[in-house]
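# Okay, predicted coordinates and the sequence, questions at the end:
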Amino acid sequence: MPVARPETSDARVIAHVDMDCFYVQVEQRKQPELRGLPTAVVQYNEWQGGALIAVSYEARGCGVKRSMRGEEAKAACPEIQLVQVPVARGKADLNTYRSAGSEVVSILAQSGKCERASIDEVYLDLTDAAESMLADAPPESLESIDEEALKSHILGMTREDGDDFKESVRDWICRKDADRRDKLLGCGIIIVAELRKQVLKETEFSCSAGIAHNKMLAKLASGMNKPAQQTVVPYAAVQELLSSLPIKKMKQLGGKLGTSLQTDLGIDTVGDLLQFSETKLQEHYGVNTGTWLWNIARGISGEEVQGRLLPKSHGSGKTFPGPRALRSLSNVQHWLNQLSEELYERLSSDLEQNKRIASTLTLHASAFRSKDSDSHKKFPSKSCPLRYGVTKIQEDAFNLFQAALREYMGPFGTKPQGNKKETWRITGLSVSASKIVDIPSGTSSIMRYFQSQSTIPSCSASGCPQEHVAVTPSASESCSEQKSAEAAMPEEDITVTYTSPDLDNSYRDSDMVPEKFPCQDVVSCLSTGAMEFPTQSGSNRDTPTKTIGRKTNNSKEKNGGMPSIVDIFKNYSATPQSKQETQEDSTVSLTSKRGNLSSSTSHSSEVNQEVEDRRDTEWGYKVGEIDQSVFDELPYEIQREYRSLLRPNKRPNAGKSKGGDGSASSSIAHYFPPLKR
DNA sequence: ACGGGTATGACC
DNA sequence: TGGTCATAC
């Protein structure tokens, strides 16, 4: 829910950049013959030709709409070109779109504070840039104004008859007697036009943009003239814009809150909101939301552009609608394995490219129980410390699932309450990784510590028998079917009915998280043995390569043919340097130039050389997690450093102890004992 | 029980 | 906290 933020006193210049039917553009860039044709991207789905997730403007012109099925689209527009979303591991794979999105972000991030709002949307705070321009080279001093800027739509601009549109825009931008706010927006217009041209030139993607004094208005404006246009909201145009704007068009009001406003208060436009006092709105919707509503009615929104270029979490999920619902543990496990693989691959890339590590793994599922009246009880989400390694994630995800399933089916299980066993169906599964932190690089003592460890005995060599890697005690006990289920073919739906664990255990363990695994020592934690970096082979091939410099051909000899974390460190130890100043908390991962897929493995492209040089100096090390016992052994400064890394704003161990047995937690990201000296 | 797969943010 | 809910693209 929205929360009110006061508008800052000084006028800001905020832009919202929105890619035009982005997935379509990505596909058209890949297949230029599709350019200009009515095109839509469909998600693979046998059923009725798949669901459209992006539609080109040509196709929209013949009545095709998002959330049509492929077949309907064909009916509406027989010539439509349907392109399928790539599939990997039996599910939609959005990686190509993600990297295309970061191409855009890395361009837009150059001119001011930048926030990646979604895969295809970005907010920019151009205040500084606009102020500089106003001081150094105000529009009125320019002899010519960019053509693209002259195509801008300026809300509220009265355009006299027979007047040249571009001339009026030029006049508006260059008006000498404009107030400062308008002048700043005028600069914003020029800057954004420039940026959009640059995006088009360097990525071949067109975009639209809104330019205003806050995010809300910029977002509103970006959607007003599409595709490939930009719209400005001068201060003076705000009230009129909002007065007739349907309430549901406002961001955050497209759902239940907006509906409630309409039906409960009879509000249809944002203007209608003005009649309600702040307290009245607060009475209905709470203090925060009430104030927020009162503000947006007046075009006030102080929300800042977050300097964040990278996502805060990664997730991989799939739905299993209707008849495809999963009914067996083995099938669930199969899909969790697929999802976990994808998640892991993305975590690897993030670590590799951005030096970030995630520390929480969460499992979400949706389910129903056929027999019960209450068949729509929510399937609980569960999370646990994230351990790096594909199989670890797979195991943990499955354990989380089983814990959640027990809870879902009720502490008393669905014991034959009669002679009917209760069955469950899983209609959606997803795994996600969150609490991602940057690993500071260069001067880090952690890095030096690891560099000094020339060799680390291999744990995987000593073996971690599968049986031991199993599950939470309760989980393993509760799933007597698990073993036989595992033997079954994953594809085949074998009905397995749920039986409750014996009660003693089920209570004790109900909120437990998978325990520490026996073989978890420094090597299992740090070795990247399980951490194959994505290579150019297989499903990654059509993704613009994300390889950075000379990284792929390093040693795989040690530790059973797998590169260890130490190998990775060594690669970057040559140029230890502190991280470059970046906006806020992150740098964008710059994907290498597109195209040129074949020879991308070993050399960085010359085009990106400068960038990559910088990146090399930013490179650090990777630490998935450190076992508690190992952590205790680390030098004091390193313990302290790691603590502050993971808990930036908190005093070590400040949290109230959960009363539980802390040692069950396997990641220091989740457990901070008192410091030992 | 199809708008799928993701992502963010507030609240309790 | 972690987990749920709402919202958006």
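Sure thing, it's come through. Residues are numbered from 1 along each chain as shown, chains lettered A, B, ... in the order given.
# Tell me how far A:Pro311 lies from DNA strand B.
4 Å (CB to the nearest atom of the strand, to the nearest Å). Quick note: C-beta positions are derived from backbone N, CA and C, even for glycine.
# Packing partners of the helix ranked longest in chain A?
Assignment by DSSP state H gives helix A:329-354 as the longest helix of chain A. With contacts taken as 3 or more CB pairs under 8 Å, 6 or more residues apart in numbering; DSSP states H and E, helix A:329-354 sits against strand A:91-92, strand A:314-319, strand A:356-369, helix A:390-409, strand A:424-438, helix A:482-487.
# can you give me the mean pLDDT across the fifth one?
Mean pLDDT, strand A:424-438: 96.
# Output it as CSV, restricted to C-alpha atoms.
C-alpha atoms of strand A:424-438 as CSV (Å, rounded to 0.1, in the frame of the first residue of the first chain):
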residue,chain,number,x,y,z
TRP,A,424,-3.7,-31.9,-2.5
ARG,A,425,-3.1,-30.3,-5.9
ILE,A,426,-0.3,-27.9,-6.5
THR,A,427,-1.2,-25.2,-9.0
GLY,A,428,1.8,-23.0,-8.8
LEU,A,429,5.4,-23.3,-7.6
SER,A,430,8.1,-20.7,-7.3
VAL,A,431,11.4,-20.3,-5.6
SER,A,432,13.0,-17.0,-5.0
ALA,A,433,16.2,-15.5,-3.6
SER,A,434,16.2,-12.3,-1.7
LYS,A,435,18.2,-10.2,0.8
ILE,A,436,20.8,-9.6,-1.8
VAL,A,437,23.9,-7.7,-0.6
ASP,A,438,26.9,-6.3,-2.4
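# That one packs against which elements?
When contacts are defined as 3+ CB pairs under 8 Å, 6+ apart, strand A:424-438 sits against strand A:314-319, helix A:329-354, strand A:356-369, helix A:390-409.
# Could you point out which of the ones you listed sits nearest A:Ala135?
Distance to A:Ala135, taken as CB to CB, is lowest for helix A:329-354 among those, at 34.7 Å.
# what does the stretch 151-300 of chain A have sitting close to DNA strand C?
Residues of the stretch 151-300 of chain A lying near DNA strand C by CB under 7 Å from any atom of the strand: A:Lys219, A:Met250, A:Lys251, A:Gln252, A:Leu253, A:Gly254, A:Gly255, A:Lys256, A:Leu257, A:Gly258.
# In helices, which of these fall?
Judged by DSSP H, these include A:Lys219, A:Lys256, A:Leu257, A:Gly258 as members of helices.
# The second one and A:Trp294, how far apart?
When you say that, I think you mean A:Lys256. As judged by CB to CB, to the nearest Å, A:Lys256 and A:Trp294 stand 19 Å apart.
# Who has more neighbours out of these two?
Neighbour totals were compared for A:Lys256 and A:Trp294, and A:Trp294 leads with 20 against 8 (other CB atoms under 10 Å).
# Can you report how many residues neighbour the residue nearest to the more buried one when sequence neighbours are not counted?
Distances taken as CB to CB, 6 or more residues apart in numbering place A:Glu278 nearest to A:Trp294, at 4.2 Å, with adjacent residues excluded. By the measure other CB under 10 Å, the count of residues near A:Glu278 is 15.
# any idea how far A:Glu278 lies from A:Gln252?
Applying CB to CB, the value for A:Glu278 to A:Gln252 is 17 Å.
# Could you list the contact residues of the stretch 451-600 of chain A toward DNA strand B?
By CB under 7 Å from any atom of the strand, no residue of the stretch 451-600 of chain A approaches DNA strand B.
# The stretch 151-300 of chain A too?
Listed as neighbours of DNA strand B in the stretch 151-300 of chain A under the rule CB under 7 Å from any atom of the strand: A:Gly286, A:Asn288, A:Thr289.
# List the contacts of the residue nearest to A:Gln198 when sequence neighbours are not counted.
Using CB to CB, 6+ apart and skipping residues adjacent in sequence, the residue nearest A:Gln198 is A:Ile107, 5.8 Å away. Counting by CB atoms under 8 Å, 6 or more residues apart in numbering, A:Ile107 touches A:Leu195, A:Gln198, A:Val199, A:Glu202, A:Thr203.
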